[in-house]
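[1] My questions concern the predicted model and sequence given below.
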Amino acid sequence: MNKSYIRGQDLARVLPALELIEFSRDLVEETLSSLGRLTLETVLAMSAVDVAGEPHRGREKGPVRHYGSQRGRVMVGGKRLQVDRPCFRVW
């Protein structure tokens, strides 16, 4: 049988590369999570403008008005992401 084993010297050379791969994987997951959250918040904000118009201070006309935002959770890729979602008031 042909078995290959990693010697101590070889392991010392390979270990930094393995740590770099692990760090890169964590960084990619964090980046994708942030991009997913930002994408969802952007879509929610665009939908809010469609429903209630552009948010601004002062008395607005129309039956639906912006009423701040609230933290919410959504499932993306098997993970829960916290997003800011807009709130409305119907007058």
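    That came through fine.

[2] Which parts of the chain are helices?
    Along the chain, counting by DSSP state H, helices occupy 8-52.

[3] give me the low-pLDDT residue ranges for the protein?
    For the chain, the stretches with pLDDT under 70 are 1-8, 59-60.

[4] residue closest to the middle of it?
    Nearest to the mean C-alpha position of the chain, by Cα atoms, centre = their mean, lies residue 37 at 2.7 Å.

[5] OK, contacts around that residue?
    Residues in contact with residue 37 (Cβ atoms under 8 Å, 6 or more residues apart in numbering) are 81-83. C-beta: built from backbone N, CA, C; applies to glycine.

[6] Go ahead and build a PyMOL selection from the buried members of the residues you listed.
    In PyMOL, a selection of the buried entries from the contacts of residue 37 looks like this (16 or more other Cβ atoms under 10 Å):
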select buried, resi 81+83
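
[7] what would the contacts of residue 37 look like in a markdown table with distance to residue 31?
    Below are those laid out as a markdown table (distance: Cβ to Cβ, whole Å):
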| residue | distance to residue 31 |
| --- | --- |
| 81 | 13 |
| 82 | 17 |
| 83 | 16 |
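
[8] which among the contacts of residue 37 gets closest to residue 21?
    For the contacts of residue 37, the residue nearest residue 21 by Cβ to Cβ is residue 81; the value is 24.9 Å.

[9] what pairs with the closest one across the strands?
    Using DSSP bridges, the beta-bridge partners of residue 81 come out as residue 74.

[10] and the gap between it and residue 50?
    For residue 81, the distance to residue 50 (Cβ to Cβ, to the nearest Å) stands at 22 Å.
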